[in-house]
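# Okay, predicted coordinates and the sequence, questions at the end:
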Amino acid sequence: MSLTTAAAQAPTARASSVRTRTGAPATASAVTPAASPADARRHDLAAFLRSRRERLAPEQVGLPPTGRRRTPGLRREEVAQLAAVGVTWYTWLEQGRDIQVSTQVLDAVSRALLLDPSERAHLFTLAGAEDPAPVFECPSVTPSVRLVLEQLAPYPAGVVNTRYDILAYNAQYTAIVGDLDALAPEDRNLMWLAFTPSRFREVLVDHETERDVIVARFRAAMADHGSEPGWKALVTRLQKASPDFDAAWRRHDVARPGNGLKRFLVPGVGMLHCEYTNFWLGPRMGSRMITYTPRDERTRELMNLLPNKL
């Protein structure tokens, strides 16, 4: 899985084998005023725009080449021209000044910079604006989905939403994530489990690498949900609970969802070499079923040792 680095900053339960998630003050001269959230966001927006502009060559956007350039990428005036906005206004935007930004202008800047869907959504989030074409998802898990989860045994499988909340799962999945019923509802989240002490973090062999991928995918998904309190609350909780998450979050990596490989060292079972596959449960990238299938015959045999009842 490749990461695109941005320079800026659940319903009812299945009976036996499927479960659904229900000091002293400093002197004035020694204090540096902390940046407000709005200031920090404008700073991130400025750095993000600058990084996207510097990666483009004139010929990529239909402009004639102008020979050797002292700095890489497009000039600010060229972006302003392509987006049909004033040069001074775009310069202020890229400098992180406190100016009003309309969704129409953000849309034009997004097209001018050839942003992909993840980057476009990230742009709107940093600008504190709602994308005029938001992505909605239905978090419900239907009886047919729960039946499929049960029939996938002995392969672990679960349903998660774009925020990585675990909505439903089969018995085998608990060998990976642990007893979710023992957790508070707000902790039944793969992001939380990956960065705090948990069964998931213990058995995921390459957890340091894998959780960076999760953060990048989560950040990309959050672009469509930036104003939702639940998303912001999860990030705040994780930043307070995990310095590793805070460091990964500050890197501003974004990535699209995808399939891949994972290794789990499950106590009492052994090393599982798995291929995970996302099956989207709607026309848009919202809730999805994730299945873990064996990559070799040994893993296939070991999966028969996984729990078969909740």
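Thanks, I have it.
# Strands of the chain, residue ranges please.
4-5, 18-20, 157-160, 166-170, 253-254, 260-266, 270-280, 288-294 (DSSP state E).
# JSON lines for those strands, including distance to M222, mean neighbour count and mean pLDDT?
The C-beta positions use only the backbone N, C-alpha and C, and glycine is treated the same way. Below are the strands of the chain laid out as JSON lines (distance: least, C-beta to C-beta, whole Å; neighbours: other C-beta atoms under 10 Å; pLDDT from 0 to 100):
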{"stretch": "strand 4-5", "distance to M222": "15", "mean neighbour count": "14", "mean pLDDT": "38"}
{"stretch": "strand 18-20", "distance to M222": "24", "mean neighbour count": "24", "mean pLDDT": "65"}
{"stretch": "strand 157-160", "distance to M222": "14", "mean neighbour count": "25", "mean pLDDT": "96"}
{"stretch": "strand 166-170", "distance to M222": "18", "mean neighbour count": "27", "mean pLDDT": "95"}
{"stretch": "strand 253-254", "distance to M222": "9", "mean neighbour count": "21", "mean pLDDT": "93"}
{"stretch": "strand 260-266", "distance to M222": "20", "mean neighbour count": "16", "mean pLDDT": "97"}
{"stretch": "strand 270-280", "distance to M222": "18", "mean neighbour count": "16", "mean pLDDT": "96"}
{"stretch": "strand 288-294", "distance to M222": "16", "mean neighbour count": "19", "mean pLDDT": "97"}
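# mind showing which ranges of the stretch 51-200 of the chain have poor pLDDT?
Across the stretch 51-200 of the chain, the ranges flagged by pLDDT under 70 are 66-67, 133-140.
# how about 80 then?
Applying pLDDT under 80 to the stretch 51-200 of the chain flags the ranges 64-72, 116-118, 131-140.
# Show me the helices in the stretch 1-150 of the chain, by range?
Along the stretch 1-150 of the chain, counting by DSSP state H, counting those that start in this stretch, helices occupy 37-54, 76-83, 87-94, 103-112, 117-127, 143-151.
# Point out the most buried one among these.
Of all the helices of the stretch 1-150 of the chain, helix 117-127 has the most neighbours on average by mean count of other C-beta atoms under 10 Å, namely a mean of 23.
# how far away is the nearest residue to E208 once chain neighbours are set aside from T196?
With C-beta to C-beta, 6 or more residues apart in numbering as the criterion, E208 has its nearest non-adjacent residue at 7.9 Å, and that residue is D244. From D244 across to T196, the span is 10 Å (C-beta to C-beta, to the nearest Å).
# go on, S287?
For S287, the distance to T196 equals 23 Å [C-beta to C-beta].
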